[in-house]
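Chemist: Return a 3D structure for these sequence lines:
(2 chains)
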Amino acid sequence: MNEHEFAAKLKPWLDSAAQGVGEMQATKLKAARLRALDAYREPVRLYGLVPTAAGTAQAIHYGIVQRALLWLPIAALLATLAIQSMSDIDDAGDIDAQLLTQELPPDAFLDQDFRSWLAKPHG
Amino acid sequence: MERRAFKQSVYAVQEEQSALDIVQDSMMKLAEKYAQRPAEELPLLFQRILQNTIRDHFRRTKVRSTWTTLLSNLGMGGDDDDVDPLETLEVDDSTNIPSSPAAQLEQSEVMATIEEAVKALPARQREAFMLRYWEELDVSETAKVMGCSEGSVKTHCSRATHALAKVLKAKGITL
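Modeler: So this is what the prediction gives:
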C-alpha cells in the first residue's frame, strides 16, 4: 500500500471522528460560525462607485480610485466657485475699461444730469 | 468545515477549550479581514489562518510555561502539568455505528488509536498530513499554507504516513 492509498483509507476515519464531535462542542462551533458569518459582509457596489455594507463601518473599504471619485463633487463645486469669482472680476474690469476709454470723463458721472459739464465750453 | 478545523486544532493542542478558541478566532479573522477576497480563495486562507493561530497558541503557551517554570523555581507555586498524549486516550463516538456492541467497541478503539497516533506526530508532519490528505490540498497549496517548500511538504507527508502506519501495524490494526 503506497502513501496515497494509506491516506485515502485513513481519511474516512478522520471524517468520522470530526462528525463524532460532542453535542456541546458542535453547538459552540455552530455559534462561532454564525458569529463569523454575521461579521462577514460582502460589499455591495452601488453604480460601481460607492461600496456600502450592511454591517459596521469598519467593513467598508475604499480603493484609491473610489476615494478620488468621492472627492469629485467637492472638487467640481470648488472649481465652479473659482470660475464664477474670476468671471466677476473680468466683468468689473470691462466696466472700468469702458469708463476710462469713452469721451465722458469719470467726473461727469458725478455731475447731476451732466449740467455742469454741458455748461462748460468744449472745443 | 468547522468540525474538521476543530479536530485539527484538538490534534495539535490536545485540549478542547483551546481548540474551540482557535477555531473561533480563525473564523472571525477570516470574516473580518478577508471579506473582500474572492470566495474561492477563502478555504485556503482559512487553513493558513488556522495554522497560524495554532502556532500563536503554542508561542503563548511557551511564554506562559517559561514564566511558570521560573516562578516555580523561585518557590512561588505552579504545578508541572505537562500533558502526555498517551495518557489522554479518548474513545470517540462514531456516526457509523456498527450493529453489534462488540463491533462498536472495536471501531471506537481503532478510532482512538488513529487519533492518538495523529496527535503524537511531530507538529509539522501532522500539519502537512492533515492539509494534504484530509483537507485534500495539493502539494503547492499545502506548501503555501505551511510557508515551506513543496519538497518539505512531501517529506513531512511521507514521514507522517510511515509513522501512522507503523503505529497501526504495532496495534494489529488493518484499515
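Chemist: what about B:Val167, how many neighbours?
Modeler: 17 (other C-beta atoms under 10 Å in any protein chain shown). The way it works is simple: take the backbone N, C-alpha and C, and place the C-beta from them, glycine included.
Chemist: now swap in the one 5 residues further on and tell me
Modeler: Using other C-beta under 10 Å, B:Gly172 has 7 other residues around it.
Chemist: SS state for it?
Modeler: Following DSSP: H, G, I helix; E, B strand; the rest coil, B:Gly172 is assigned to coil.
Chemist: can you list the residues of chain A near chain B?
Modeler: A:1, A:3-4, A:6-11, A:13-22, A:25-26, A:28-30, A:32-33, A:35-37, A:39-43, A:58-59, A:61 (C-beta under 8 Å from any C-beta of the partner chain).
Chemist: Could you tell me which of those are located in helices?
Modeler: A:3-4, A:6-11, A:13-19, A:25-26, A:28-30, A:32-33, A:35-37, A:39 (DSSP state H).
Chemist: what's the weakest-modelled helix or strand in the chain?
Modeler: Reading this off chain A. Lowest by mean pLDDT, DSSP states H and E among the helices and strands of chain A is strand A:50-52, with a mean of 48.
Chemist: that answer is for a different chain, and I need it for chain B
Modeler: For chain B, judged by mean pLDDT, DSSP H and E, that is helix B:42-73, with a mean of 85.
Chemist: Work out the gap between the helix or strand just after it and the centre of the chain.
Modeler: Using DSSP states H and E, the helix or strand that directly follows helix B:42-73 along the chain is helix B:101-120. Chain-centre distance of helix B:101-120: 16 Å, with C-alpha atoms, centre = their mean, to the nearest Å.
Chemist: Stretch A:84-95 now?
Modeler: Centroid separation for stretch A:84-95 versus its chain: 32 Å, with C-alpha atoms, centre = their mean.
Chemist: quick one: average confidence on it?
Modeler: The average pLDDT for stretch A:84-95 rounds to 77.
Chemist: Please identify which helix or strand holds the residue most central in space within chain A.
Modeler: By C-alpha atoms, centre = their mean, the mean C-alpha position of chain A lies nearest to A:Leu70, the distance being 0.9 Å. In the assignment (DSSP H and E), A:Leu70 maps to helix A:64-101.
Chemist: Phi, psi for B:Thr174 please.
Modeler: phi -120, psi 130 (degrees, to the nearest 10).
Chemist: wait, what's in contact with the closest residue to it other than its chain neighbours?
Modeler: Nearest non-adjacent residue to B:Thr174, counting by C-beta to C-beta, 6 or more residues apart in numbering or on different chains: B:Leu168, 7.6 Å away. With contact set as C-beta atoms under 8 Å, 6 or more residues apart in numbering or on different chains, B:Leu168 has these partners: B:113-114, B:117, B:174-175.
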